[in-house]
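this one's structure only:
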Ligand code: NI
């Protein structure tokens, strides 16, 4: 079943999510539901706060591979940067170019409680940086200049309005 995605400016999106101390059935079911939600929404990634759960869990779908990471931690950020478009399921509609590190190394737990270490670059590195930001209450619009951020938020409001009009007609 698909979960409801919380939209900006829902306060849960600004909380610092709590570490997961025990990977139990509740966490595994949450991860499954987040994957269903992500696939349904056609996104690259989803963090638990986006479905109203302030816990450190992310799912990423890049290069035809699903990553489910518990308590992810980015260990290293390359000095080399990449610039590319990002959007967010919590701010549907607009996209904007965001600067990220080209390469990162991530450490996390998988759903079996085993430690995993991933070296990622390009799109995958971008997705991990975006989703780990969510766990710290940071949104992609926070990486934009003021003018660009206002433009993105206006586009988002327009998108919401169009969607609600479509729902009525
Ligand atoms: Ni997002």
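Okay, I see it. Note that the structure is predicted; figures quoted are calculated from it, not measured.

give the other helices and strands that the lowest-mean-pLDDT helix or strand in the chain contacts.
Of the helices and strands making up the chain, the lowest-confidence element is helix 146-168, at a mean of 94, by mean pLDDT, DSSP states H and E. Under the contact criterion of 3 or more C-beta pairs under 8 Å, 6 or more residues apart in numbering; DSSP states H and E, helix 146-168 touches strand 96-101. Placement of C-beta: from N, CA and C, glycine included.

what is the mean pLDDT for the strand it packs on?
In this model, strand 96-101 has an average pLDDT of 98.

now that strand: buried residues?
By neighbour count on 16 or more other C-beta atoms under 10 Å, the buried set for strand 96-101 is 96, 98, 100, 101.

show me the contacts for the last one.
With contact taken as C-beta atoms under 8 Å, 6 or more residues apart in numbering, residue 101 is in contact with 77, 78, 79, 80, 81, 82, 125, 129.

check those residues and tell me the two furthest apart.
Within the contacts of residue 101, two members stand farthest from each other by C-beta to C-beta: 79 and 129, at 14.2 Å.

between those two, which has more neighbouring residues?
Taking other C-beta atoms under 10 Å, residue 79 and residue 129 do not tie; residue 129 has more neighbours (23 against 7).

quick one: secondary structure of that one?
For residue 129, the assignment made with DSSP: H, G, I helix; E, B strand; the rest coil gives helix.

was I right about it contacting residue 104?
Yes. Using C-beta atoms under 8 Å, residue 129 is in contact with residue 104, at 6.5 Å.

any shared contact partners between the two?
Between them, residue 129 and residue 104 have 74, 77 as joint contacts when contacts are counted by C-beta under 8 Å, 6+ apart.

so what's the residue nearest to residue 103 when sequence neighbours are not counted up against?
The spatially closest residue to residue 103, leaving aside those adjacent along the chain, is residue 78, at 3.9 Å (C-beta to C-beta, 6 or more residues apart in numbering). For residue 78, the residues meeting the contact criterion (C-beta under 8 Å, 6+ apart) are 101, 102, 103, 104.
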